[in-house]
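*Asks:* Just a sequence and a predicted model for now, questions to come.
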Amino acid sequence: MTEGVGTIYTMAPQVLQGVYTSQADLWSIGVIAFMLLSSSKPFRHKKRRKVIDCIMRCDYKFRGEVWNSISDDAKDLVSKLIVLDPKKRLNAKQALKHQWFQDKYKLSDRRPTEESMQKVEDSLVCYRHTSVLKRVALNVIARKSTPKEIRLMRGAFDQFDSSNDGIVTYKEFKLALKENDYSEKELEEIFESIDVNSNGFIVYTEFLAATIETKGAIEEERIAEAFDRMDTDSSGYISQDDLRQLLGDVYSEEDMESIIEQADENKDGKLSFQEFKTIFKGETERQASAMLQDTEIEDDNLVSLDANIPDGKHDST
């Protein structure tokens, strides 16, 4: 929180001075919002020194005809973000609750179709039968996904994130699935499987990782990108050390060994790309089998095909 990081025209005055807090980000968001709404910069000049002078004095105006068609709520949000005093600047939670967001981007308007939501739910439920290694790989793939690829999941995440704060708590998760007959234990297992870093809530990337296969099988090119990212030392293999770099201290050494062992076909203690690929192709059948076991019912009283049932030919009615 001391270095001048960023592009000059988005920097808050405090960043230019070298002493700032996360409130500097809210200034930058205000600048970006200004630019998106008007296709112009709030602080502009041919000379860098003059730009800095305007920033330090918070000297900007809603100039030009373009602002005549912009709502008062939108301009109010911008004016409450580009504020000289960071203590008087809206913080992130306050900004999310601003009237412009409430009116312009209603949660109900972002809800996918019921069919899409059902697919997302099926993916979440199935995810608990996914190996830890594949979950890590899917999280890596999720981070590299484009907005176009994940539009459906973004809308679905918003339905779970009812407080609109960027995370899904267990309470929110449970509430989103309340219409379905899941036991408390099942809900906890599903939630914990998605919460890969075990911090007690689900962030967007984790949710995306759990639902990304809703769009279909992952392409081999994406799998290869994930492998390269997880191969942190570029050795051509994924080792326990590589996993430690990604997972930190969430898992013990014994857990790490077990994670590698599940896909280590030649038992050399590390995973080749060929072995890595099998976790995507081999787990689909195992997940389907596990799902069937989840839905097993007592069959003692079920009617068999050779049962003696009326054929309707002699029905007097």
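*Replies:* Structure's in. What do you need?
*Asks:* Run a quick neighbour tally on residue 278.
*Replies:* 13 (other CB atoms under 10 Å). In short, each C-beta sits where N, CA and C put it, glycine included.
*Asks:* my read: it touches residue 265, true?
*Replies:* Yes: counting by CB atoms under 8 Å, residue 278 touches residue 265, with 7.3 Å between them.
*Asks:* Now do the helix ranked longest in the chain: which elements does it pack against?
*Replies:* When the chain is parsed with DSSP state H, its longest helix is helix 23-38. In terms of contacts (3 or more CB pairs under 8 Å, 6 or more residues apart in numbering; DSSP states H and E), helix 23-38 is packed against helix 13-17, helix 72-81, helix 92-96.
*Asks:* so which of the ones you listed gets nearest residue 209?
*Replies:* Among the helices and strands packed on helix 23-38, helix 92-96 comes nearest to residue 209, with 23.8 Å by CB to CB.
*Asks:* Please name every helix or strand in contact with the closest one.
*Replies:* For helix 92-96, the elements it packs on are helix 23-38, helix 72-81, judged by 3+ CB pairs under 8 Å, 6+ apart.
*Asks:* how about the shortest one: buried residues?
*Replies:* In other words, helix 72-81. The neighbour-count check on helix 72-81 (16 or more other CB atoms under 10 Å) flags 74-75, 77-78, 80-81 as buried.
*Asks:* With distance to residue 60 and pLDDT as extra columns, can I get those residues in a markdown table?
*Replies:* Formatted as a markdown table, the buried residues of helix 72-81 follow (distance: CB to CB, whole Å; pLDDT from 0 to 100):
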| residue | distance to residue 60 | pLDDT |
| --- | --- | --- |
| 74 | 15 | 95 |
| 75 | 12 | 96 |
| 77 | 14 | 97 |
| 78 | 9 | 97 |
| 80 | 13 | 97 |
| 81 | 11 | 98 |
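*Asks:* sorry, back to before: okay if I get the helices and strands packed on helix 92-96 as JSON lines plus distance to residue 138?
*Replies:* Formatted as JSON lines, these follow (distance: least, CB to CB, whole Å):
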{"stretch": "helix 23-38", "distance to residue 138": "28"}
{"stretch": "helix 72-81", "distance to residue 138": "35"}
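*Asks:* Contacts made by stretch 139-154 with the rest, please.
*Replies:* Residues from elsewhere that reach stretch 139-154, judged by CB atoms under 8 Å, 6 or more residues apart in numbering: 110, 112, 116, 120, 196, 204-209, 211-212, 214-215, 218, 222-223, 225-226, 229-230, 246.
*Asks:* and it, C-alpha only, in CSV?
*Replies:* Taking Å, rounded to 0.1, in the frame of the first residue of the first chain, the C-alpha atoms of stretch 139-154 are listed here in CSV:
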residue,chain,number,x,y,z
ASN,A,139,-10.5,-24.0,-10.5
VAL,A,140,-7.5,-23.3,-12.7
ILE,A,141,-9.6,-23.7,-15.8
ALA,A,142,-12.3,-21.5,-14.3
ARG,A,143,-9.8,-18.6,-13.8
LYS,A,144,-8.9,-18.7,-17.5
SER,A,145,-12.5,-18.7,-18.8
THR,A,146,-13.9,-15.9,-20.8
PRO,A,147,-17.1,-13.9,-19.9
LYS,A,148,-18.9,-15.4,-22.9
GLU,A,149,-18.1,-19.0,-21.8
ILE,A,150,-19.4,-18.4,-18.3
ARG,A,151,-22.4,-16.1,-18.7
LEU,A,152,-24.8,-18.8,-17.5
MET,A,153,-22.8,-19.6,-14.4
ARG,A,154,-22.5,-15.9,-13.6
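*Asks:* Filter the contacts of stretch 139-154 down to the buried ones.
*Replies:* Buried, going by 16+ other CB under 10 Å: 112, 120, 196, 204-209, 211-212, 214, 218, 222-223, 226, 229-230, 246, out of those.
*Asks:* Just the ones in helices from those residues, please.
*Replies:* Among the buried ones among the contacts of stretch 139-154, the ones falling in helices (DSSP H) are 120, 204-209, 211, 222-223, 226, 229-230, 246.
*Asks:* which one among those gets closest to residue 136?
*Replies:* residue 246 (6.0 Å).
*Asks:* mind listing what that closest one touches?
*Replies:* Counting by CB under 8 Å, 6+ apart, residue 246 touches 136, 140, 230, 232.
*Asks:* among those, which are in helices?
*Replies:* Among the contacts of residue 246, the ones falling in helices (DSSP H) are 136, 140, 230.
*Asks:* Turn these into TSV, including pLDDT.
*Replies:* Below are the ones in helices among the contacts of residue 246 laid out as TSV (pLDDT from 0 to 100):
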residue	pLDDT
136	88
140	90
230	92
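*Asks:* Dump the residues you listed to CSV, plus distance to residue 252.
*Replies:* Formatted as CSV, those follow (distance: CB to CB, whole Å):
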residue, distance to residue 252
136, 16
140, 22
230, 19
